[in-house]
Structure formats: C-alpha cells, structure tokens
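In: Kindly generate the corresponding structure for this input.
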Amino acid sequence: MLISPQRSSDQDSHDLGYSLIELLIVLLIMGILATAVLPSLQSHIRSARRNEAISHLLQLKIQQERFRLNHHSYASTQQLVLPHNPYYAFSVTGETASTFTLIATPLGTQRADSRCQTLSINQSMQQQPTECFVH
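Out: Presented below is the predicted three-dimensional model:
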C-alpha cells in the first residue's frame, strides 16, 4: 500500500490564496495601465461627441434650407427644431433672407475639447474651425 506524505497545517494555509504583496502588485499594474489608457479613451469620446454635433449641424442646415423654401428667409433659433444634446447647445445667428450661421457650443465635459471649441456652419457650408470637420 502506497502512503503519501502528510502536509502540516502550516503549509496548507500558505497555499490557499494570494499574498498581500501579490495583490498589491496586481493593483499597481492595473493602475499604471488605467492611467496610460484613460486619456486616449477620453479623447476618442470627445471626438465622437464632436462628430455627433457636426451631424446635428448638418441636419439643421437642411432644416434651414427647407424653411427658406417656404418662407423666403432663413429661420431663427426659435423657429427651428433644435436637437437635444447634453454636450452641445445649438443656436442660429445672423439669419436674414440670404444668410445664417449655425453654432454648436460645447457644454459640460465637452468643454475640455480644446482643439474644437465652438463649431459653426453657414449657408455656404463654410465650416469653422475647418480642422474639426475633416475626417
């Protein structure tokens, strides 16, 4: 009959889990990875929100052209159906019979998008700042 050696209770307690040092090392590595990835992730989120605002501006331009067909002038902010967006406020300035400018102003955390603060499109599709509209 084969008998296996018995382990003492001291040895069993060391093999049951991870030590505090091992857990701290894992947490340290996770923290380092998080600090490296988080800024890039936030940049992509701001860019996606900006692209959504640009899409809303283009939809508002279509609304303006439709309004002008029926009223022989462009609509004011109150006459348009503005999109609901928690990261941008939309408005119209300089509306006349032949001109308008649509503006998207960042709100809340989107203000950290230092590259593209206020976005605008006018009746001639001039987009400002131009580098923010390039994909």
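In: Could I get the CA-only coordinates of the helix or strand that contains Ala104 as PDB?
Out: Element membership for Ala104 (DSSP states H and E) is strand 101-106. Below are the C-alpha coordinates for strand 101-106, written out as PDB (Å, rounded to 0.1, in the frame of the first residue of the first chain):
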ATOM      1  CA  THR A 101     -24.800  80.700 -39.200                       C
ATOM      2  CA  LEU A 102     -25.500  77.600 -37.100                       C
ATOM      3  CA  ILE A 103     -23.400  77.300 -34.000                       C
ATOM      4  CA  ALA A 104     -22.700  74.400 -31.600                       C
ATOM      5  CA  THR A 105     -21.300  75.400 -28.300                       C
ATOM      6  CA  PRO A 106     -19.700  72.700 -26.000                       C
END
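In: Quick one: list the elements packing against that strand.
Out: Applying 3 or more CB pairs under 8 Å, 6 or more residues apart in numbering; DSSP states H and E, one finds that strand 101-106 contacts helix 20-71, strand 88-93, strand 119-122. In short, each C-beta sits where N, CA and C put it, glycine included.
In: quick one: buried residues of stretch 96-114?
Out: Phe100, Thr101, Leu102, Ile103, Ala104, Pro106, Gln110, Asp113 (16 or more other CB atoms under 10 Å).
In: whoops, stretch 61-69 was the one
Out: Lys61, Gln63, Gln64, Phe67, Arg68.
In: ok, so of those residues, who is nearest Ile121?
Out: Lys61 (5.7 Å; CB to CB).
In: Give me the spatial nearest neighbour of that closest one, chain neighbours excluded.
Out: Nearest non-adjacent residue to Lys61, counting by CB to CB, 6 or more residues apart in numbering: Ile121, 5.7 Å away.
In: and that neighbour, how many neighbours does it have?
Out: Using other CB atoms under 10 Å, Ile121 has 21 neighbouring residues.
In: Helix or strand with the lowest mean pLDDT in this structure?
Out: helix 9-14 (a mean of 54; mean pLDDT, DSSP states H and E).
In: how about Thr109, secondary structure?
Out: helix (DSSP: H, G, I helix; E, B strand; the rest coil).
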